[in-house]
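> Sequence and predicted structure are below.
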Amino acid sequence: MKKYAVIFAAIVVAACSSKGGDIPSDWPWLDPDADDEPWTEVTDGRYGSLPDYVKVYHSPEVLKGKKAEAWIATADLSKAEFHVWGLNDPELDGSSDQLKTPTQVFNGFGAPVLVLNGGYFYSDSGINYPASLAVENGVLLSPNINYASEDWVTMYYPTRAAFIMHANGKIEASWTYFAGEDNHFIYPVPAENSYGSNPQPTPSATFPAGATAFEAKTAIGAGPVLIKNSEIMNTWRYECIPGDYDVNCANPDPRSAIGITADNRLVLFVCEGREMTEGVLGYSTENVAKVLKEFGCTDAINLDGGGSSCLLVNGFETIKPSDGKQRSVGSCIYIK
């Protein structure tokens, strides 16, 4: 497998809609003990006719003590279908596939009701490379990358975030490591690497504890894991994801994420930052984890962003892409 330096994009999502509508009295995520005002449902009319299993919400003006522009779309997976498009590169050697905008995914996959950009990717010398897990219909399109370094002298072999729907329908956030087709594992805990310390052993069938052979019907990777079994994790240090540049996990920035609730509702999250709207700086991954936990997510991971971030509802943009137009990306989640 070729090794390439992967430069992660900081996650940026811009939003432009105003609030409207009322919170249903039986809204399952309305937490009376939360410090923030409730999210406002904006499903009706704004994005055309939506199926009854999809709901769209807009954030309060202040979220986690900061001026906010954020959206959440939910899909009841007892009725909805969860899919992933991604570059086809199962050995991470580079793909001849073209990057796609979310609108191109919308147009090319039967006009799905929701489309959200997915995992990390990069391009080098005209070749496109995925850097995150993507699985569709049981087929591995790409694994998570299996190495990282700050100086490219000391090498680390981190387990990276994965959001997995198994063949039995169970959905979880976990950590994975790929060392070839017969050495691809899922872990319930990460390898506790961190830059500046001695690298942990290369992940295997016995390290970290609890390894199982990789299996998925549908999956998307990126990182870090935000929530696991209803516990906030935010494991960017262990995943060797930069905290003070690139993804900026510890800093306020635009973000996007995916999660699941106890009643099997998929949650797609995007928030604005970098003052695409005046005063809206964004959130750290810890902030996003807290938002999603309060919203009812039991498992969740952080996704790619920056100019990549884009959530479509019925083909309509919910945000203003920070590039001024949609960026072509290496993977997308789509819901039918």
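Arrived safely. Residues are numbered from 1 along each chain as shown.
> where do the helices sit along the chain?
For the chain, the helices defined by DSSP state H occupy 102-108, 285-295.
> Adding mean neighbour count and mean pLDDT, write those out as TSV.
Where you see a C-beta, it was placed from the backbone N, CA and C, and this is true even at glycine. Listed next are the helices of the chain as TSV, based on neighbours: other Cβ atoms under 10 Å; pLDDT from 0 to 100:
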stretch	mean neighbour count	mean pLDDT
helix 102-108	19	97
helix 285-295	23	95
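> so can I have a markdown table of these showing distance to residue 230?
Listed next are the helices of the chain as a markdown table, based on distance: least, Cβ to Cβ, whole Å:
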| stretch | distance to residue 230 |
| --- | --- |
| helix 102-108 | 30 |
| helix 285-295 | 7 |
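> For residue 134, find the nearest of those helices.
helix 102-108 (12.4 Å; Cβ to Cβ).
> and that closest one, what does it pack onto?
Taking 3 or more Cβ pairs under 8 Å, 6 or more residues apart in numbering; DSSP states H and E as contact, the helices and strands that helix 102-108 lies on are strand 114-117, strand 311-313, strand 331-335.
> What's the local residue count around residue 61?
Residues near residue 61, counting by other Cβ atoms under 10 Å, number 12.
> which stretch among the helices of the chain comes nearest residue 69?
helix 285-295 (13.0 Å).
> just to revisit the earlier point, and residue 122, which of the helices of the chain is closest to it?
helix 102-108 (18.3 Å).
> Just the CA coordinates for that closest one, please, in PDB.
Output of helix 102-108 as PDB, limited to C-alpha atoms (Å, rounded to 0.1, in the frame of the first residue of the first chain):
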ATOM      1  CA  PRO A 102     -23.300  16.400  -3.400                       C
ATOM      2  CA  THR A 103     -25.600  17.600  -6.200                       C
ATOM      3  CA  GLN A 104     -23.900  15.200  -8.600                       C
ATOM      4  CA  VAL A 105     -24.600  12.400  -6.100                       C
ATOM      5  CA  PHE A 106     -28.200  13.600  -5.800                       C
ATOM      6  CA  ASN A 107     -28.600  13.500  -9.600                       C
ATOM      7  CA  GLY A 108     -26.800  10.200 -10.100                       C
END
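> what's the offset of it from the middle of its chain?
In terms of Cα atoms, centre = their mean, to the nearest Å, the centre of helix 102-108 is found 18 Å from the chain centre.
> And for stretch 47-59?
Counting by Cα atoms, centre = their mean, stretch 47-59 comes out at 20 Å from the chain centroid.
> Kindly check the end-to-end length of it for me.
17 Å (Cα to Cα, to the nearest Å).
> quick one: contacts of that stretch?
The contact list for stretch 47-59 (Cβ atoms under 8 Å, 6 or more residues apart in numbering) reads 15, 17-20, 39-43, 46, 68-76, 78-80, 113-114, 271, 313-314, 316, 318, 335.
> Quick one, which of those are buried?
Buried members of the contacts of stretch 47-59, counted by 16 or more other Cβ atoms under 10 Å: 15, 17, 39-43, 46, 68-76, 80, 113-114, 271, 313-314, 318, 335.
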